[in-house]
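> compute the structure for the input listed below.
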Amino acid sequence: MDRLGLIDEISGEISDPRVLAAIAEVPRQLFVPESLRALAWENEPLPIGEGQTISQPLIVARMCELLGLKGDETVLDVGTGSGYHAAVLSRLAARVISIERFEDLSAAAGRSLEAAGIENVTLLQGDGSLGWPPEAPYEAINVAAAAEHGAPPALIDQLAEGGRMVIPVDGRDQHLMLVSKRDGNVIVDEDERVRFVPLIEDG
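Residues are numbered from 1 along each chain as shown. Sure thing, here's the model as predicted:
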């Protein structure tokens with residue numbers, strides 16, 4: 001499949017034109033291992049090392065759509081992985097701060113982002129479940145790993161009033177959860193089933 005084929009495939013499920021444009025603009029082949037570049041535009045996850053994957057484009061698009069970004073936000077991205085999700089977010093928000101536990105993956109993501117000409121993503125290495133308090137609060141938080149016990153409290157604390165967080169969580173089955181803050185209240189909504197690697201929490 002090529003870039004246009006992918007957009008055609010996912011456009012039946014994604015209605016936000018900004019998200020579809022971002023998926024089309026980001027050169028996904030730069031974020032997959034060289035040996036897998038022939039599969040870069042397939043709508044499927046691919047291994048990237050350290051037991052991690054680059055997510056299925058449809059799921060990346062769906063998570064971005066749920067965040068409802070307008071273009072002026074600072075987004076916290078937990079689980080950099082290949083850097084692809086951060087790259088898509090960079091086309092939808094003003095700034096992305098992305099945290100990755102594995103140093104080698106973060107370094108590789110930095111090279112891929114540079115090759116793609118993306119300059120509004122800041123990469124950090126550490127425990128993403130703790131967020132990044134120095135830049136909080138965040139208008140949006142994207143988590144690309146599944147939390148066993150729901151959204152980590154540190155991430156909820158760092159979500160701005162009126163902000164939205166999308167995170168995969170485990171329960172009876174793994175699914176996306178949308179967390180929002182309105183009038184001082186935390187609102188939780190469930191979305192579709194997904195399959196992500198686990199979010200490792202040191203605490």
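> packing partners of the strand or helix carrying Leu176?
Using DSSP states H and E, Leu176 sits within strand 175-182. Secondary-structure packing of strand 175-182 (3 or more C-beta pairs under 8 Å, 6 or more residues apart in numbering; DSSP states H and E): helix 57-67, strand 159-169, strand 185-193. The way it works is simple: take the backbone N, C-alpha and C, and place the C-beta from them, glycine included.
> let's have those in a markdown table, adding distance to Ala24 and mean neighbour count.
Converted to a markdown table, these look like this (distance: least, C-beta to C-beta, whole Å; neighbours: other C-beta atoms under 10 Å):
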| stretch | distance to Ala24 | mean neighbour count |
| --- | --- | --- |
| helix 57-67 | 10 | 23 |
| strand 159-169 | 21 | 21 |
| strand 185-193 | 22 | 11 |
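> give the buried residues for the strand holding Leu176.
Neighbour counts over strand 175-182 (16 or more other C-beta atoms under 10 Å) mark His175, Leu176, Met177, Leu178, Val179, Ser180, Lys181 as buried.
> quick check, Ile48 in contact with Pro33.
Yes: using C-beta atoms under 8 Å, Ile48 is in contact with Pro33, at 6.3 Å.
> more neighbours: those two, which one.
Taking neighbours as other C-beta atoms under 10 Å, Ile48 and Pro33 compare with Ile48 leading, 22 against 15.
> not counting residues beside it along the chain, what's closest to the more buried one?
Using C-beta to C-beta, 6 or more residues apart in numbering and skipping residues adjacent in sequence, the residue nearest Ile48 is Ser82, 4.8 Å away.
> and the one you found, what element?
Short version, using DSSP H and E: Ser82 is in no helix or strand.
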